[in-house]
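Student: Just the structure for this:
(chains A and B, ligands or ions: 1)
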Amino acid sequence: MKVGRFGQFGGQYIPETLMHAVIELEEAYNHFKEDPSFRTELKELYAEYAGRPSLLTYAEKMTEDLGGAKIYLKREDLNHTGSHKINNVLGQCLLAKKMGKKRVIAETGAGQHGVATATVAALMGLECEVFMGKVDCDRQALNVYRMRLLGARVHPVTSGTMTLKDAVNETMREWTARIDDTHYVLGSVMGPHPFPTMVRDFQKIIGEEVRAQILKKEGRLPDYLLACVGGGSNAMGLFYDFIDDTGVKLIGCEAAGKGLDTEQHAATLAKGTEGIFHGMKSYFCQDLFGQIAEVYSISAGLDYPGIGPEHANLYASKRATYVAITDDEAVDAFAYLSRQEGIIPAIESAHAIAYAQKLAPTLSKDKIIVINLSGRGDKDVAAIARYKGENLYE
Amino acid sequence: MNDRIASSFNQGKAFIPFITCGDPDLATTKALIRAMATHGADLIELGIPFSDPIAEGPIIQEADVRALASGTTTDKLFDMVREVRAETSIPLVFMTYINPIFTYGKERFLSSCKEVGIDGIIVPDMPFEEQDELEGTCRSYGISLISMIAPTSKQRIEKVASRSEGFLYCVSSLGVTGTRETIDDTAKEMVQAVKSVSCTPCAIGFGISNENQAEHFAAFADGIIVGSAIVRLIAKYGRQCVEPVALFVESMKAAANRT
Ligand SMILES: Cc1ncc(COP(=O)(O)O)c(C=O)c1O
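Tutor: Modelled structure (predicted):
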C-alpha cells in the first residue's frame, strides 16, 4: 500500500525536485505529532492565541424561521483572524519552526489563509511570502493590505486565470526554487502527501469540539453536518471525527457559481472527473484532454477546480454527499444569517448556510444540523454590496 | 531499451531540443521537427501544452498558452506526429504532465504513442514513488519512461537511476525551466553519482541557453537539453521561426561537441 492514499485518491504527483522536501516534511510531521511538548505547545496556541474552543451556537431564530431541524453553528468565525484557517497555520508554522525553517510561503484565495499565515509568521518570527491571484487581490483588497501590515510580501499572480489554482502553481514553483530554508504552508486538505493528512489533523479539532459540545447540549450526536468545500479543509475538519458514526450524515457544499448549467462554476464533484493535479489524484473540473478548467465562484475561497483526496474518497464510497450552491443562493444566505442571527458569515460559509435553508424545512424538529461557520464575512461586505449593484469600495 | 533512443547518444554528445507542440501552430511544429532533425538534433522533446505547467518558468508557460489558444489538442498532436514520423526517424519523446495522459486514458494514450511512433515519455510531475501509475502500460507498448533527477535527489539518485530507461533527465538546478546566467557544479556531482550506479545516458536540462553553457555541461554529461532558449526564438519569430531555430540547434550541437 502506498503512502498518503485515501482509497485510490491522493499520492505524491510532484516534480522530483520537491520529493526530498515532502519526505522530510512527512518524517518531521510523524515525529512531532506524537511529541508531547509539540502537542502541548500547539494546544496552548489554540487556546491562548486562536481563542479555542470555538463556540457552538444554537441558531434559535433561524431554526424557528425555517420550521424544521434544530440548527447549530460551529463558530470558526470567532477564531483569531476570522476563520478556521488559523488551526492549520498554527500547526504548520510550529512544525516549520521545529524543522529549522526560516521562511514560509503560502497560496491564498480569499486571503484568509494568507492572512492567517502572515499572522502566525509574525508571531513566530518567520519570513513570509504569499502568492495570490491578481483577480483575488482585487476582490479581497483589504486582506492584501492586512497581510502587508503583518509584514508579509504579497505577490499578485498574473498567470492563467489569476485565481487560487494559479496561486498554488506559483507557490509550488517558488518552493522548487528555494527549498532548504522554506516551508510551504498549504492552506487546505489538498496537494501531495503528507499535506492532505496533516492539514486534516490540524483541522480535526473542529469536529472533536463539536462532538463534546453537542453531547453536552443535546446529549446526542447531530444528524447532519454541513460545511462549504473549496479544497475541503473546514469540511474535513468537521467531518473527520464523525466518519465512523454512520448515523451522522456528512454534506459538503460546493460552489455552483452562476449555475451548473453554465461554464461558470467551481462544483468539482457535481461536474468534474477523475484526474491528477496539484500533487494528488482526485476529481477536477477539466476538459476531455485533461486541461484544467477555468472555474468561477463569487467566493474566492471556493474558486478552485479540485477537491482534497479524502473528500474524493468519501464521495466515491458514498460516506459523504456533496451539493452545489449558486452565487445567488449564497448571497441570499449571507444576508439571511446577518438578519436572523446577527452573524455575518464569510461568503464561503454562506454556501453551507444556503443549503441548511433548503434542508432544515424538510426535516422534523427532533433532527439536529450542525453547520460549520468557517469564517466571518467582514472581508466580503464590500464585494457583496457591489454584487447587489451598490457602488461601494473599500 | 528503445533502440531509437539509444542511438541518439551515438553521435557524440547528444543535443536535445524541446519545443511546445502547437506553438504557434502544429504546421510550424512539424516544420521545426524536420528542420531540427537535419540540423543536429539527436532526439526531440515534444511538449504537450498544459493549462497549468507547474515545472515551467514564464517562457514555456507562455508557449503553452499560445499552443492551447491555437486549438492544439492531444488528438491533433498524435495526427501531426504520425505525419512527421513518415518523414523522419529521429527519436521523439513526449514531455507531458500526468493529467493529460490520465484523463485521455493511459492505455489509449500509450497505444497511440506506439502507433504514431513516439519513443518515450517524460512526466515531470510523476516522481519515482508514483512511477507504477504508468510503468506497466509503457512497458506493454514499448515506450520508454524517462526519469528525472534533481539537485535535491541525493540519496534517491541510486534508486531512480537503477529503474531508469532511455536516458536520465538531470535537472541542472533548483527551480523551474528558464534561462539562467550562472549554473553551479551541482549537475556534475549528480552525473557522477548516476555513473557510479548505472550506465543509462545522462542528459542535463533546465537553464541551458548558450554555447558556453552547452560546452560546459557536455564536458561531463552525455547530452544537453535546451527548451526555453528555443521557445524564446519561436515566440520572437512566430511562423518564421524555423530557420533561426535550425541555426541555433546547429550551433548548440557543435558547441556541445567542442569538448
Ligand atoms: C472562510 C473560509 N471558508 C472556507 C474556505 C474554503 O477552504 P476549505 O474548503 O479548505 O475549507 C475558505 C478559503 O479561503 C475560507 O476563507
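Student: burial of residue A:85, as a residue count?
Tutor: Neighbourhood size, residue A:85 [other CB atoms under 10 Å in any protein chain shown]: 32. (Glycine included, C-beta is placed from N, CA and C.)
Student: Pull the contacting residues for it.
Tutor: Residue A:85 sits next to A:112-113, A:115-116, A:187, A:233, A:375 when contact means CB atoms under 8 Å, 6 or more residues apart in numbering or on different chains.
Student: quick one: which two of the residues you listed are the most distant?
Tutor: For the contacts of residue A:85, the maximum inter-member distance is 15.0 Å, found between A:115 and A:233 (CB to CB).
Student: so where's the stretch 151-259 of chain B shaky on pLDDT?
Tutor: Per-residue confidence of the stretch 151-259 of chain B (counting by pLDDT under 70) places the weak regions at B:182-183.
Student: So which bits of chain A are right by chain B?
Tutor: Taking CB under 8 Å from any CB of the partner chain as the test, the list of chain A residues beside chain B reads A:2-3, A:11-21, A:159-160, A:165-166, A:169, A:172-173, A:176-179, A:273-279, A:281, A:284, A:286, A:288-292.
Student: who are the neighbours of the lowest-mean-pLDDT helix or strand in chain A, in terms of helices and strands?
Tutor: The least trusted helix or strand in chain A, going by mean pLDDT, DSSP states H and E, turns out to be helix A:134-139, with a mean of 89. Judged by 3 or more CB pairs under 8 Å, 6 or more residues apart in numbering or on different chains; DSSP states H and E, helix A:134-139 is in contact with strand A:153-157.
Student: and whatever helix or strand comes next after the strand it packs on, which residues are buried?
Tutor: The C-terminal neighbour of strand A:153-157 among helices and strands, as given by DSSP states H and E, is helix A:164-177. Of all the residues in helix A:164-177, those buried under the rule 16 or more other CB atoms under 10 Å in any protein chain shown are A:164-176.
Student: likewise stretch A:186-193?
Tutor: Those buried within stretch A:186-193 under the rule 16+ other CB under 10 Å are A:186-193.
Student: which residues does the closest residue to chain B within the stretch 51-200 of chain A contact?
Tutor: Evaluated by CB to the nearest CB, the stretch 51-200 of chain A has residue A:177 as its residue closest to chain B, separated by 3.6 Å. Shown in contact with residue A:177 (CB under 8 Å, 6+ apart): B:174-176.
Student: from those, which is closest to the ligand?
Tutor: Within the contacts of residue A:177, the smallest distance to the ligand is 25.5 Å, found for residue B:176 (CB to the nearest ligand atom).
Student: who touches the closest residue to the closest one other than its chain neighbours in this structure?
Tutor: The shortest distance from residue B:176 to any residue other than its chain neighbours is 4.3 Å, reached at residue B:57 (CB to CB, 6 or more residues apart in numbering or on different chains). Counting by CB under 8 Å, 6+ apart, residue B:57 makes contact with A:173, B:175-178, B:228.
Student: hey, which helix is longest across the chain?
Tutor: Picked chain A for this. The helix that spans the most residues within chain A, counting by DSSP state H, is helix A:16-32.
Student: sorry, should have said chain B
Tutor: With DSSP H as the criterion, chain B gives helix B:242-256 as its longest helix.
Student: so what secondary structure elements neighbour that one?
Tutor: Helices and strands touching helix B:242-256, as assessed by 3+ CB pairs under 8 Å, 6+ apart, comprise strand B:14-20, helix B:26-38, helix B:211-218, strand B:223-226, helix B:228-237.
Student: So which of those is nearest the ligand?
Tutor: For the helices and strands packed on helix B:242-256, the distance to the ligand is smallest for strand B:14-20, at 32.6 Å, taking CB to the nearest ligand atom.
Student: touching chain A at all, that closest one?
Tutor: No: for a cut-off given as CB under 8 Å from any CB, strand B:14-20 has no contacts with chain A; the smallest distance is 13.7 Å.
Student: Now do that strand against helix B:228-237, angle only.
Tutor: Put simply, strand B:14-20 runs at 50 degrees to helix B:228-237, going by axes from the mean of the first three to the mean of the last three CA atoms, to 10 degrees.
Student: could you pull out the helices for the stretch 51-200 of chain A?
Tutor: Along the stretch 51-200 of chain A, the segments classed as helices by DSSP state H, counting those that start in this stretch run A:60-66, A:85-98, A:112-124, A:134-139, A:141-149, A:164-177, A:195-203.
Student: Just give the closest residue to the residue most central in space within chain A, not the sequence neighbours.
Tutor: Nearest to the mean C-alpha position of chain A, counting by CA atoms, centre = their mean, stands residue A:233 at 3.9 Å. In this structure, residue A:233 finds its nearest non-sequential neighbour in residue A:188, 4.3 Å apart by CB to CB, 6+ apart.
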